[in-house]
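Trainee: Sequence and computational prediction follow.
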Amino acid sequence: MSKNKTPKPDYSLFVSRVDFFVFGLAGALYFLSFSLGDKLGHVYKVGGIVIASFVFAVACYLSYANTFGAKRARDIIVRELSPKLKGDEIVLDVGTGSGLILIGLAKLLNNGGKAHGVDIWETERDRERKILDRSLKTPKLTLKNAEIEGVADRVQLLGGDPRNVPYPNDYFDVCCCADLAHHLSKGSLDRTIIQMVRVTKNGGLLVIHDFWHMERTKKLLKKFGMEIEKIVSSSPILPISRCIIARKPVDGLTTQTGEILSKKSKQKPPIELASLSKEEEESLKRHFAEIEREKEK
């Protein structure tokens, strides 16, 4: 008789379609370099090979970041936060996805704490965009992973736009966002960081991990009055992948930006920069309605 296998969480850590495209681009450049290099000249051939090698290295790094790099980021965030938490905190994970970071945080909350996750979840319509037959990042998948990991009672999920986080001011002890920045434009990143600063309590921690926009992220956090406590490199391959840990001053934000966050955010919409167009709001409403319908199935 075969023994029942213990179920494992599915965090959907696979090479993305962007990675496949970059690998394909590198292959095409190699082909052109070798096939046309002799006709165009030695310099062009060597130059083409160098460029193709660079593109291939980028593809390898992106693949690493989407698989092993994601787990390494989780481990670093958990390691850095573990001595700072008592276990009764309320934490937020922005851009939760399948729950890799959220569940890692929830495991630290063994004294009545709660881990909230917010995301624009995937629906069945997103399946056709996936090259590999991997699981959709839905609330169902995330909750199933939390149950397998034994922290389902510490996790709460909510559909929402990171640029307009649906929580009140000064609500969370820790606000975390991992590997979301490279999916955002500069404007969307600015709005997301403003929202994270807004919902973090005075004296609370804000943690951001990514390999893109990190210098901009650091400057924005300082501009918004946050105190940078630590910057940790999370990649043995390239130092651009970093984890920034910042703390909101105990006395609150005193900069001009801080005054905007504390006063204007009490009005509606919470922050002017984070407001969405009517088209975006309608699109999000339809998206979340579809998610609710899928939950009922």
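Mentor: Now that the structure is in, tell me what you want to look at. Numbering: from 1, shown residues only.
Trainee: which stretches of the stretch 1-150 of the chain form strands?
Mentor: For the stretch 1-150 of the chain, the strands defined by DSSP state E, counting those that start in this stretch occupy 90-94, 114-119.
Trainee: Contacts for the longest one, please.
Mentor: Counting by Cβ atoms under 8 Å, 6 or more residues apart in numbering, the neighbours of strand 114-119 from elsewhere in the structure are 90-97, 99, 102-103, 105-106, 109, 137, 142, 151, 154-160, 162, 165-167, 172. Quick note: C-beta positions are derived from backbone N, CA and C, even for glycine.
Trainee: Just give me the neighbour total for residue 8.
Mentor: Residue 8: 9 surrounding residues under other Cβ atoms under 10 Å.
Trainee: just use 6 as the starting number from now, easier for me
Mentor: Noted, 6 is the first residue going forward, which turns the last one into residue 13.
Trainee: Identify the residue nearest it in space, chain neighbours excluded?
Mentor: residue 153 (7.0 Å; Cβ to Cβ, 6 or more residues apart in numbering).
Trainee: how near is the one you found to residue 103?
Mentor: Relative to residue 103, residue 153 is positioned 12 Å away (Cβ to Cβ, to the nearest Å).
Trainee: okay, and the common contacts of those two?
Mentor: By Cβ under 8 Å, 6+ apart, the residues touching both residue 153 and residue 103 are residue 14.
Trainee: ok, these two, which is more surrounded?
Mentor: Legend: neighbour count by other Cβ under 10 Å for residue 153 and residue 103, higher for residue 103 (25 against 15).
Trainee: who's in contact with the more buried one?
Mentor: Here residue 103 is in contact with 14, 15, 16, 17, 140, 142, 146, 147, 150 (Cβ under 8 Å, 6+ apart).
Trainee: Give the phi and psi angles for it, as a check.
Mentor: Recorded main-chain torsions at residue 103 are phi -90, psi 0, according to degrees, to the nearest 10.
Trainee: buried set for stretch 180-192?
Mentor: The neighbour-count check on stretch 180-192 (16 or more other Cβ atoms under 10 Å) flags 180, 181, 182, 183, 184, 185, 186, 189 as buried.
Trainee: How far off centre is that stretch?
Mentor: Relative to its chain's centre, stretch 180-192 lies at 6 Å (Cα atoms, centre = their mean, to the nearest Å).
Trainee: re the thing from before, out of the buried residues of stretch 180-192, flag the one nearest to residue 221.
Mentor: Checking the buried residues of stretch 180-192 against residue 221 with Cβ to Cβ, the nearest one is residue 186 at 8.5 Å.
Trainee: Quick check: that closest one vs residue 235, distance?
Mentor: Taken as Cβ to Cβ, the span from residue 186 to residue 235 is 18 Å.
Trainee: coming back round to it: please report how far the residue nearest to residue 13 lies from residue 220.
Mentor: 37 Å.
Trainee: residue contacts, residue 51?
Mentor: The contact partners of residue 51, by Cβ under 8 Å, 6+ apart, come to residue 42.
Trainee: Tell me the pLDDT of it.
Mentor: As predicted, residue 51 sits at a pLDDT of 84.
Trainee: now do residue 244
Mentor: For residue 244, the pLDDT comes out at 62.
Trainee: And the helices in this protein?
Mentor: For the chain, applying DSSP state H gives helices covering 22-45, 47-71, 73-86, 105-111, 144-153, 191-204, 219-228, 261-268, 283-301.
Trainee: which intervals of the stretch 6-155 of the chain have sub-threshold pLDDT?
Mentor: For the stretch 6-155 of the chain, applying pLDDT under 70 flags the ranges 6-9, 18-24, 66-72, 127-141.
Trainee: The same query, at a cut-off of 80, please.
Mentor: Applying pLDDT under 80 to the stretch 6-155 of the chain picks out residues 6-11, 17-26, 42-49, 63-74, 126-143.
Trainee: among the contacts of residue 103, who's most crowded?
Mentor: Going by other Cβ under 10 Å, residue 147 tops these with 27 neighbours.
Trainee: number of nearby residues for the closest residue to residue 87 other than its chain neighbours?
Mentor: Distances taken as Cβ to Cβ, 6+ apart put residue 113 closest to residue 87, at 5.9 Å, once the chain neighbours are dropped. By other Cβ under 10 Å, 22 other residues sit near residue 113.
Trainee: And residue 33, by the same measure?
Mentor: 12.
Trainee: next one: residue 75
Mentor: 21.
Trainee: nearest to residue 36, of the strands of the stretch 6-155 of the chain?
Mentor: Short answer: strand 119-124, nearest of those by Cβ to Cβ, at 39.2 Å.
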